[in-house]
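In: Sequence and predicted structure below; questions after.
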Amino acid sequence: MSPSAERTAADLSVDAAVAEVVTLTSELIAIDTTNTGDPSSLGTERAAAEYVAEKLAEVGYDTTYLESDAPGRGNVIARLPGADASRGALLVHGHLDVVPADAAEWSVHPFSGEVRDGYVWGRGAVDMKDMVAMTLAVARAFKRDGIVPPRDLIFAFVSDEEAGGFHGARWLVDNHPDLFEGATEAISEVGGFSITLTGGVRAYLIETAEKGAMWLRLKVTGTAGHGSMLHTDNPVAKLAAAIARLEQHRFPLVLTDPVRDFLHGVGELTGVPFDESDPEAAVARLGNLSRLIGATLRDTANVTMFNAGYKANVVPSVAHATVDGRMLPGREAAFEAALTDILGPDVELDWDSLPPVQTTFDGTLVDAMTTAITAEDPGAQLLPYMLSAGTDAKSFQRLGIRNFGFAPLKLPPDLDFTALFHGVDERVPIDALHFGTRTLHRLLRDC
């Protein structure tokens, strides 16, 4: 086949993937895969996993469907052999579950998958059924059109990420590591999306690190009694005081390499040099992005649930709270010690934790990302950054896999993209889906 014919074949393949990505996104959103985090509730991902498996089987993939000991938490894995089996495989993964959504707060039903005003709307539109749909569209195009990538591609569509992945990626890694044999690198959320800086300069953020997570369960016991009497051992008051101390505490500022590299990169692109002695000033200039980047300057601990009492005139014997803790790489022990000291001896602590993730912004895969992005958006720049939240990269790094956040989207300058994650009226631009599909197609056929 001549080079011009090869380009034509690739163009046709891209066109086919782009043509179906909006439908795939909409249909995936319409499958309610809400993950409440309640370990006693049944999984909701099975229907979405079966949908993905069917779409892959239509074009000839052999798929593996697995559930952990949590019924309904469906996971689907498929492999596309590459031209060079000696090269490390690339894992492309996405989660099928979403966080809850209150329909009364939305302007569209959160599980409608409605397509209007240039967007696909619904819970999961950006977190992360958009990337699942783009991956599915490209995987289908490659198989259907006989495209052989340079290296093996492993496609994984997993469950339970919104509750730590313990019945999804973590369970697969611990119980079925053979499915990821040979994988050396991975891409997934949260990265590859554009930001528009001062002067109209567009940059794409590539996640190279993410904070660790610690979900703490706090408990204080005391003496129950009548609410009208004097009390010196009220567990509600003791826990509230401990939470207030935590809320008022400010963890130390730590400038990690990924954040330093990001802020220096922004400084070079905007012409405002980054002063390492005052990183908070640099973050403040980032507009809407400052919420995300600001959270990567220090550890954080936010109370998210408080539960105590059962009647207005009864002092209860126990009070509970939940805290979402996030720590920077290398800060795990210091973070735990600080929490114990701040909360005090009256508070019993129990927690689940997932480690930080960190890699360097270099290598052939990063080069391929740069080529793929700039081919679709000439003049764009790529910047590494740290995610303040967590992804399934925390589980896949247990296999020695190097993880990057790369779910490419070219976004309107005025869209507050980070606010859409877990937010009301979550939506993804159709143009961004088309851009992302073209970019992902180019990356996977050249990586």
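Out: Yes, it's here. Residues are numbered from 1 along each chain as shown.
In: Check which helix or strand residue 250 maps to.
Out: Secondary structure from DSSP states H and E places residue 250 outside every helix and strand.
In: hmm, I was thinking of residue 442
Out: Assigned by DSSP H and E, residue 442 falls in helix 430-446.
In: Report the mean per-residue pLDDT for that helix.
Out: Averaging pLDDT along helix 430-446 gives 98.
In: how about it as PDB, C-alpha atoms only?
Out: Provided in PDB are the C-alpha atoms of helix 430-446 (Å, rounded to 0.1, in the frame of the first residue of the first chain):
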ATOM      1  CA  ILE A 430     -19.000  17.700  21.400                       C
ATOM      2  CA  ASP A 431     -16.100  19.400  19.700                       C
ATOM      3  CA  ALA A 432     -13.800  18.300  22.500                       C
ATOM      4  CA  LEU A 433     -15.000  14.700  22.100                       C
ATOM      5  CA  HIS A 434     -14.200  14.800  18.400                       C
ATOM      6  CA  PHE A 435     -10.800  16.400  19.100                       C
ATOM      7  CA  GLY A 436     -10.000  13.800  21.800                       C
ATOM      8  CA  THR A 437     -10.900  10.900  19.600                       C
ATOM      9  CA  ARG A 438      -8.700  12.100  16.800                       C
ATOM     10  CA  THR A 439      -5.800  12.700  19.200                       C
ATOM     11  CA  LEU A 440      -6.200   9.400  20.900                       C
ATOM     12  CA  HIS A 441      -6.400   7.600  17.600                       C
ATOM     13  CA  ARG A 442      -3.100   9.300  16.500                       C
ATOM     14  CA  LEU A 443      -1.400   8.500  19.800                       C
ATOM     15  CA  LEU A 444      -2.300   4.800  19.900                       C
ATOM     16  CA  ARG A 445      -1.300   4.200  16.300                       C
ATOM     17  CA  ASP A 446       2.100   5.900  16.800                       C
END
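In: from the middle of its chain, how far away would it be?
Out: 19 Å (Cα atoms, centre = their mean, to the nearest Å).
In: buried ones in that helix?
Out: Neighbour-count burial for helix 430-446, counted by 16 or more other Cβ atoms under 10 Å, picks out 430, 432-445. All C-beta spots, glycine's among them, are computed from the backbone N, C-alpha and C.
In: Show me what the helix of greatest length in the chain packs onto, helices and strands only.
Out: Ordering each helix of the chain by length in residues (DSSP state H) puts helix 3-29 first. Contacting helix 3-29 under the criterion 3 or more Cβ pairs under 8 Å, 6 or more residues apart in numbering; DSSP states H and E are the following elements: helix 46-58, strand 119-121, helix 129-145, helix 430-446.
In: Next, the angle from the helix or strand that the third one is followed by to helix 129-145.
Out: Spelled out, it's helix 129-145. Toward the C-terminus, helix 129-145 is succeeded by strand 153-158 as the next helix or strand (DSSP H and E). Interaxial angle of strand 153-158 relative to helix 129-145 (axes from the mean of the first three to the mean of the last three Cα atoms, to 10 degrees): 140 degrees.
In: who does strand 153-158 pair up with?
Out: Strand 153-158 pairs in its sheet with strand 74-80 (antiparallel), strand 89-95 (parallel), by DSSP bridges.
In: Can you show me the CA trace of the last one as CSV?
Out: Yep, that's strand 89-95 we're talking about. In CSV, the C-alpha atoms belonging to strand 89-95 read as follows (Å, rounded to 0.1, in the frame of the first residue of the first chain):
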residue,chain,number,x,y,z
ALA,A,89,2.4,-2.9,26.4
LEU,A,90,0.4,0.3,26.9
LEU,A,91,-2.6,0.1,29.2
VAL,A,92,-5.5,2.3,28.4
HIS,A,93,-8.0,2.2,31.3
GLY,A,94,-11.2,4.0,32.3
HIS,A,95,-13.7,3.5,35.1
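In: What angle do helix 430-446 and that strand make with each other?
Out: 160 degrees.
In: that older thread, pLDDT (mean, whole number) over the longest helix of the chain?
Out: For helix 3-29, mean pLDDT is 85.
In: I figured residue 133 hits residue 31, correct?
Out: No: taking Cβ atoms under 8 Å as the definition, residue 133 is not a contact partner of residue 31, at 11.7 Å.
In: what about those two, which has more around it?
Out: The neighbour count for residue 133 versus residue 31, taken as other Cβ atoms under 10 Å, is higher for residue 133 (31 against 21).
In: who touches the more buried one in this structure?
Out: 21, 24, 25, 28, 433 (Cβ atoms under 8 Å, 6 or more residues apart in numbering).
In: could you dump those to JSON lines with distance to residue 156?
Out: Below are the contacts of residue 133 laid out as JSON lines (distance: Cβ to Cβ, whole Å):
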{"residue": "21", "distance to residue 156": "19"}
{"residue": "24", "distance to residue 156": "17"}
{"residue": "25", "distance to residue 156": "18"}
{"residue": "28", "distance to residue 156": "15"}
{"residue": "433", "distance to residue 156": "21"}
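In: which pair in these spans the largest distance?
Out: 28 and 433 (11.9 Å; Cβ to Cβ).
In: Student question: in this protein, what's the helix or strand with minimum average pLDDT?
Out: Using mean pLDDT, DSSP states H and E, helix 3-29 stands out as the lowest-scoring helix or strand of the chain, at a mean of 85.
In: List the buried residues for it?
Out: Quick answer for helix 3-29 (16+ other Cβ under 10 Å): 10, 13-14, 16-18, 20-22, 24-29.
In: any idea of the angle it forms with helix 430-446?
Out: 130 degrees.
In: neighbours of residue 253, just the number please.
Out: Neighbours of residue 253 under the rule other Cβ under 10 Å: 10.
In: care to break the chain down by domain?
Out: 3-208+357-446, 210-354 (automatic domain parsing).
In: Number of residues surrounding residue 217?
Out: Residue 217: 14 neighbours (other Cβ under 10 Å).
In: same thing with residue 313?
Out: 7.
In: Backbone dihedrals for the residue lying closest to it once chain neighbours are set aside, please?
Out: Nearest non-adjacent residue to residue 313, counting by Cβ to Cβ, 6 or more residues apart in numbering: residue 227, 4.1 Å away. Dihedral angles of residue 227 (phi, psi; degrees, to the nearest 10) stand at phi -70, psi -10.
In: Quick check: residue 227 vs residue 424, distance?
Out: Distance of residue 227 to residue 424, given as Cβ to Cβ, to the nearest Å: 37 Å.
In: where does the protein dip in pLDDT?
Out: Low-confidence segments of the chain (pLDDT under 70): 1-8.
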